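This is the structure alone, sequence omitted:
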Ligand code: XMP
């Protein structure tokens with residue numbers, strides 16, 4: 001009976017076990033569309049999510065990801081209040097309307113107006129009486145008179161005909177109105193009262209990111225992690241405007257987690273993603289609770305030691321494909337989380353049914369990841385650690401402990417924790433936009449080889465060939481010493 005366990009054991013495969021077979025294609029990489037679903041109610045223009053790790057995703061990373069068309073999953077190794085602030089940072093950073101608008105009263109002096117503009121570094125001020133805009137005064141109005149008439153009143157020099165816009169005005173319409181009327185700023189009014197201001201500079205800045213992931217109000221999409229039993233956190237994140245909340249736990253097929261996922265789902269408006277899982281049975285059990293997305297990966301991550309410490313895991317391509325087969329029946333999106341080292345791995349994950357991928361190590365070295373650059377032997381690095389590492393479990397809010405079903409009581413010693421992750425550094429890579437450019441470029445190239453114009457095509461049309469270890473050795477550069485490091489094939493060895 002015991003031997004049968006081994007005899008009947010299935011074989012599991014991961015990224016390096018397969019390549020995709022090139023096929024006749026009329027698809028040019030430049031024409032490929034990478035739009036995909038991340039959860040039941042949210043799409044991304046690039047299928048990339050940054051990991052909920054304290055060395056990967058806080059608001060700076062989430063903003064950068066959203067600008068490029070992906071989404072950041074804010075980690076939970078901080079207090080609820082701090083995490084709520086991070087979510088709000090992402091949302092307000094993309095708010096076209098400046099809500100803390102600086103105004104001036106009509107009876108203020110020209111000198112006051114000049115001082116405020118200099119101090120606040122703005123070039124114009126709405127003139128407001130009883131919250132109603134009655135004029136606008138700009139630097140241009142002030143410069144000719146600042147030395148002669150500085151004690152005169154603002155109301156004597158302001159422009160009285162002020163163009164205002166309602167809150168519902170789209171950025172394109174606001175830009176048209178501003179251009180047609182040759183104004184640089186448009187006060188936004190609600191029921192006749194000022195509630196913000198929109199500037200041409202901000203509208204143009206926004207146009208730099210045509211692929212950005214935005215909600216219905218035009219603000220950046222953001223996701224945030226919660227503990228499996230932390231309903232309070234989930235509800236606070238939901239109130240703060242998180243579009244997606246992700247249950248962040250090492251084993252989401254723990255039946256207590258499955259049950260609590262339903263409670264969380266019933267108490268939030270945001271989409272709920274659950275993970276991590278690695279089997280079709282886990283997918284069935286979670287989908288029965290009406291989850292909006294599944295996250296797959298037990299132990300493939302670069303910093304993970306679960307497979308070594310617990311001896312548990314499923315090689316990632318097998319896990320993703322099995323979960324995706326079940327998820328497809330429910331029409332629920334799947335995220336392949338962890339273990340992706342090159343852009344080709346992203347393409348393979350999608351080809352076996354993932355709708356998007358979650359990246360930790362590929363993004364941890366970027367400028368937007370939390371933490372400082374460290375210099376070792378003259379080269380730049382950033383810290384990267386597993387959420388189940390000792391450092392993450394005992395640092396911050398200790399979120400790593402309940403991710404791995406462990407408890408820290410009082411001044412408990414490190415020696416009472418069983419880590420399932422390690423701590424280290426990864427090479428510094430500069431801005432995340434440059435890393436994403438390479439990763440998405442590689443994905444597009446792959447889709448071109450496979451004749452897939454869309455992510456859906458890629459899932460349906462791609463074909464695999466199983467390869468041997470020598471096949472993989474042949475795939476990497478060989479028989480030369482690389483002299484110029486390629487941006488999508490790093491050769492920096494850490495040891
Ligand atoms: P990559 O390979 O992108 O993986 O660096 C990131 C993913 O790894 C998971 N993660 C962990 N898994 N022990 C684990 O077994 C850990 O300490 C740990 N920390 C993160 C997580 O799913 C992440 O997205």
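Cool, got the structure. Remember, it's a predicted structure, so these values are computed and weren't measured experimentally.

and the protein, what are its domains?
Per the record, the chain has its domains at 12-93+212-493, 110-200, by automatic domain parsing.

Ok, which of the ones you listed comes nearest the ligand?
domain 12-93+212-493 (1.9 Å; C-beta to the nearest ligand atom). Glycine gets a C-beta too; all of them are placed from N, C-alpha and C.

got the contact list for the closest residue in space to residue 107 that isn't next to it in sequence?
Setting aside the residues directly before and after it, residue 107 is nearest to residue 153 in space (C-beta to C-beta, 6 or more residues apart in numbering), at 5.7 Å. Contacts here follow C-beta atoms under 8 Å, 6 or more residues apart in numbering; on that basis residue 153 touches 106-110.

how does it look with 7 Å?
With contact set as C-beta atoms under 7 Å, 6 or more residues apart in numbering, residue 153 has these partners: 106-107, 109.

now, which of those lie within strands?
Counting by DSSP state E, no part of the contacts of residue 153 is found in strands.

Closest to residue 202 out of those?
residue 106 (26.0 Å; C-beta to C-beta).

count of neighbours near the closest one?
Residue 106 has 16 neighbours, counted by other C-beta atoms under 10 Å.

next one: residue 161
Residue 161: 7 neighbours (other C-beta under 10 Å).

Grab the nearest non-local neighbour of residue 298.
residue 278 is the one closest to residue 298 (C-beta to C-beta, 6+ apart), at 4.1 Å.

What about that neighbour, how many residues nearby?
Using other C-beta under 10 Å: residue 278 sits among 27 other residues.

repeat for the one 5 residues further on
Burial of residue 283 is recorded as 28 neighbouring residues (other C-beta under 10 Å).

Give me the contact list for the helix or strand it falls within.
Assessed by DSSP states H and E, residue 283 sits inside helix 280-287. The contact list for helix 280-287, computed with C-beta under 7 Å, 6+ apart, reads 252-253, 258, 261, 274, 277, 294, 322-323, 325-327, 330, 332.

So which of the residues you listed is surrounded by the most neighbours?
residue 323 (34 neighbours).

who's in contact with that residue?
277, 280, 283, 294, 296, 334.

in what helix or strand does it lie?
helix 316-330.

hmm, that helix touching the ligand?
No: no part of helix 316-330 sits near the ligand under the criterion C-beta under 6 Å from any ligand atom; the closest distance found is 9.3 Å.

State the mean pLDDT of that helix.
Mean pLDDT, computed over helix 316-330, is 98.

Residue 222 versus the residue nearest to residue 59 when sequence neighbours are not counted, what's the distance?
Once flanking residues are discounted, residue 59 sits nearest to residue 89: 3.8 Å by C-beta to C-beta, 6+ apart. As judged by C-beta to C-beta, to the nearest Å, residue 89 and residue 222 stand 9 Å apart.

quick one, which of the two is more surrounded?
Comparing residue 89 with residue 222 by other C-beta under 10 Å, the one with more neighbours is residue 222, at 32 against 18.

Contacts only, for the more buried one.
62, 66, 71-72, 74, 87, 90-91, 242-243.

hmm, try it at 10 Å
57, 59, 62-63, 65-66, 71-74, 86-91, 93-94, 213, 215, 237, 240-244, 270 (C-beta atoms under 10 Å, 6 or more residues apart in numbering).

Give me the packing partners of whatever helix or strand residue 256 lives in, helices and strands only.
Using DSSP H and E, residue 256 falls within helix 255-266. Helices and strands touching helix 255-266, as assessed by 3 or more C-beta pairs under 10 Å, 6 or more residues apart in numbering; DSSP states H and E, comprise helix 231-240, strand 244-248, strand 271-277, helix 280-287.

residues of it that come out buried?
257-258, 260-261, 264-265 (16 or more other C-beta atoms under 10 Å).

ok, and what's touching it?
Contacts for helix 255-266 (C-beta under 10 Å, 6+ apart): 226-231, 233-235, 238, 245, 247, 249-252, 254, 270-275, 277, 282, 285-286, 288-292, 405.

Let's see that with 6 Å instead.
228-229, 231, 234, 247, 249, 272, 274, 285, 289 (C-beta atoms under 6 Å, 6 or more residues apart in numbering).

From residue 278, how far off is the nearest residue to residue 353 once chain neighbours are set aside?
Among residues not flanking residue 353 along the chain, residue 324 sits closest, at 2.4 Å (C-beta to C-beta, 6+ apart). Using C-beta to C-beta, we find residue 324 at a distance of 12 Å from residue 278.

Then residue 253?
Applying C-beta to C-beta to residue 253 and residue 278 gives a distance of 8 Å.

what's the burial count for residue 38?
29.

and it, helix, strand or coil?
strand (DSSP: H, G, I helix; E, B strand; the rest coil).

I figured it was touching residue 45, is that so?
No: assessed by C-beta atoms under 6 Å, residue 38 is found out of contact with residue 45, at 10.6 Å.

Without its sequence neighbours, what residue ends up closest to residue 66?
residue 220 (3.6 Å).
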